[in-house]
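Peer 1: Predicted model, plus sequence, below.
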Amino acid sequence: MTPMSAATITPVSRLAGRLHVPGDKSISHRYALLAALAEGSTDIANYAPGADCRSTLACLRQLGVAIEHRPDDLVILLGRGLHGLCSPAASLDAGNSGTTMRLLSGVLAAQRFSSTIIGDASLSRRPMRRVMDPLEQMGARFESDGGRPPLTVHGAPLHAIAYRPSVPSAQVKSAVLLAGLYAEGRTSVTEPAQTRDHTEQALHAFGVDAPVDGLTISVAGGQRLTAQSLVVPGDFSSAAFWMVAAAALPGSRVEIVDVGLNPTRTTLIDVLRRFGARVTVHASATQSGEPRGTILVEGDRAEAIEIAPDEVPGLIDELPAIAALAAHGGEVRVRGAAELRVKESDRIAALVAGFRNLGIDADEQADGFTVQGRRTGTPSGGVADARGDHRMAMAFAIAALGAAQPSIIEGADAVGISYPTFFETLERLAS
């Protein structure tokens, strides 16, 4: 089971072991962007090793930021201050990373130069209008392909806005707040529902006054950012796949060490308990506003669970993993998750197609899906296409563990986007 264009997954009855997961992808993006705008040298330990976060570093280098990438995922960035970025000589390539494109747009909206952000074929299909609209309200100007990449950002002096997005989005919130660092006046974002608050915590870590009042966060323009020494916790969304695998396979025992426990990210813990798993959490420390600790998951019984629309914002990256719970005898129903259709792939269509190919009963709805493992019984196994989506590749691999025969995951190398060592870890836990 090595990460290549196709991976063969051998069924197992249980998983067991203790592991670390890679650094948190969401936090790594934000630390790198703010470090670039800070004054002084910031070191970021346990920076996420996947391709998405490397894309953010590559874009920052093109904007004149000196970056040293040392062994063991230590990254050192020499910040250029709020107004020190340079006009890039070529297009900025965000690769597959929607986070890079959206958050960087917030920074570029205030620059005295124009720049173009491009992406791979998958990213070029993803809608960007939700981030373009508020930034244009602040004074920036965009050129795009009908609201999709490539995006040309014409920077301009910005003015503050009080923004109320209609759809919860941590990326849109973050882009507006980053632009707000440059805007005249105080910029605020009031969310319709709580999303992950890594940007708020990161702003505070770099010395920015960014008060939070309920679902509203605000930031005054012109504040100086101070360089920091930071440690990224393990990525909870990566840990989710091992948590689900342990919960779904009775007799499993998986312990994940030094993983992020930010309460805006850990709704999955309650979901697994509802499913019947035994989940023990030990918080060990909080650094830069980000709690971390150890999660122990032990598989027990498989229940039917339903994810309600109001739970979706806190589970958006974990929903593919949650779907895999049903492959091992449970049932999962998800509603209110239309956002999944505009991720790295149409994750609703991709999940249902892949699960059916693995012999699992799955149905697609406009805003969600239903997976009925109890109706299926033991899945037959088969061939599932990840469609270039890292979370699809990992979800299909976990689902295939409970099949009657080996399965093949096509496009398995997509795990390199967030979790390059996923298949090595799976092999170790299964042995």
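Peer 2: Nice, thanks for sending it over.

Peer 1: Okay, domains of this structure per the record?
Peer 2: 6-23+233-430, 25-216 (automatic domain parsing).

Peer 1: I'd like these written out as JSON lines, with mean pLDDT, distance to L225 and mean neighbour count added.
Peer 2: Where you see a C-beta, it was placed from the backbone N, CA and C, and this is true even at glycine. Formatted as JSON lines, the domains of the chain follow (pLDDT from 0 to 100; distance: least, Cβ to Cβ, whole Å; neighbours: other Cβ atoms under 10 Å):
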{"stretch": "domain 6-23+233-430", "mean pLDDT": "93", "distance to L225": "13", "mean neighbour count": "21"}
{"stretch": "domain 25-216", "mean pLDDT": "97", "distance to L225": "4", "mean neighbour count": "20"}
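
Peer 1: And the strands in the stretch 251-400 of the chain?
Peer 2: Ranges of strands in the stretch 251-400 of the chain, per DSSP state E, counting those that start in this stretch, are 253-260, 278-287, 290-298, 304-307, 331-334, 362-365, 368-372, 383-385.

Peer 1: The third one: partners in the sheet, and parallel or antiparallel?
Peer 2: When you say that, I think you mean strand 290-298. Next to strand 290-298 in the sheet, as set by DSSP bridges, lie strand 253-260 (antiparallel), strand 278-287 (antiparallel).

Peer 1: Then the shortest one?
Peer 2: Based on DSSP bridges, the pairing partners of strand 383-385 within the sheet are strand 407-410 (parallel).

Peer 1: what's the following helix or strand after the strand it pairs with?
Peer 2: Next along the chain after strand 407-410, taking DSSP states H and E as the criterion, comes helix 422-430.

Peer 1: Kindly export that following helix (C-alpha atoms) in PDB.
Peer 2: Extracted in PDB, the C-alpha atoms of helix 422-430 (Å, rounded to 0.1, in the frame of the first residue of the first chain):
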ATOM      1  CA  PHE A 422      -1.100   8.100   4.500                       C
ATOM      2  CA  PHE A 423      -0.600   4.700   2.900                       C
ATOM      3  CA  GLU A 424       2.500   3.900   4.900                       C
ATOM      4  CA  THR A 425       0.700   4.700   8.100                       C
ATOM      5  CA  LEU A 426      -2.300   2.500   7.000                       C
ATOM      6  CA  GLU A 427       0.100  -0.400   6.400                       C
ATOM      7  CA  ARG A 428       1.600   0.000   9.800                       C
ATOM      8  CA  LEU A 429      -1.800   0.100  11.700                       C
ATOM      9  CA  ALA A 430      -3.000  -2.900   9.800                       C
END
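
Peer 1: So which elements touch it?
Peer 2: Here helix 422-430 touches strand 16-19, helix 236-248, helix 390-400, going by 3 or more Cβ pairs under 8 Å, 6 or more residues apart in numbering; DSSP states H and E.

Peer 1: Run through who's touching it.
Peer 2: Identification of contacts with helix 422-430 by Cβ atoms under 8 Å, 6 or more residues apart in numbering yields 1-3, 7, 9-10, 12, 15-17, 19, 238, 241-242, 245, 254, 393-394, 397, 401, 412, 415.

Peer 1: K25 and N46 touch, don't they?
Peer 2: No: taking contacts as Cβ atoms under 8 Å, K25 lies outside contact range of N46: 11.5 Å.

Peer 1: just the strands in the stretch 51-200 of the chain please.
Peer 2: According to DSSP E, counting those that start in this stretch, the strands that the stretch 51-200 of the chain contains are 66-70, 74-80, 92-93, 114-118, 141-145, 148-154, 162-163, 186-190.

Peer 1: which stretch among these comes nearest A35?
Peer 2: strand 74-80 (4.1 Å; Cβ to Cβ).

Peer 1: Show residues contacting the closest one.
Peer 2: 32, 35-47, 57, 60, 63-70, 86, 225, 227.

Peer 1: Likewise for stretch 134-144?
Peer 2: Outside of stretch 134-144, the residues within contact range by Cβ under 8 Å, 6+ apart are 105-106, 108-110, 128, 132, 150-161, 163, 165, 172, 175-176, 179-180, 183, 187.

Peer 1: can you put the strands of the stretch 51-200 of the chain in JSON lines and add distance to T421?
Peer 2: Converted to JSON lines, these look like this (distance: least, Cβ to Cβ, whole Å):
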{"stretch": "strand 66-70", "distance to T421": "17"}
{"stretch": "strand 74-80", "distance to T421": "17"}
{"stretch": "strand 92-93", "distance to T421": "24"}
{"stretch": "strand 114-118", "distance to T421": "28"}
{"stretch": "strand 141-145", "distance to T421": "35"}
{"stretch": "strand 148-154", "distance to T421": "29"}
{"stretch": "strand 162-163", "distance to T421": "39"}
{"stretch": "strand 186-190", "distance to T421": "35"}
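
Peer 1: quick one, which of those strands is nearest to G381?
Peer 2: strand 148-154 (36.6 Å).

Peer 1: tell me which strands and helices the helix or strand Y31 falls within is in contact with?
Peer 2: Assigned by DSSP H and E, Y31 belongs to helix 25-37. Judged by 3+ Cβ pairs under 8 Å, 6+ apart, helix 25-37 is in contact with strand 39-45, helix 51-62, strand 74-80, helix 98-108, helix 170-180, helix 198-205, helix 236-248.

Peer 1: Touching, G382 and L358? I think so.
Peer 2: Yes: using Cβ under 8 Å, G382 is in contact with L358, at 5.0 Å.
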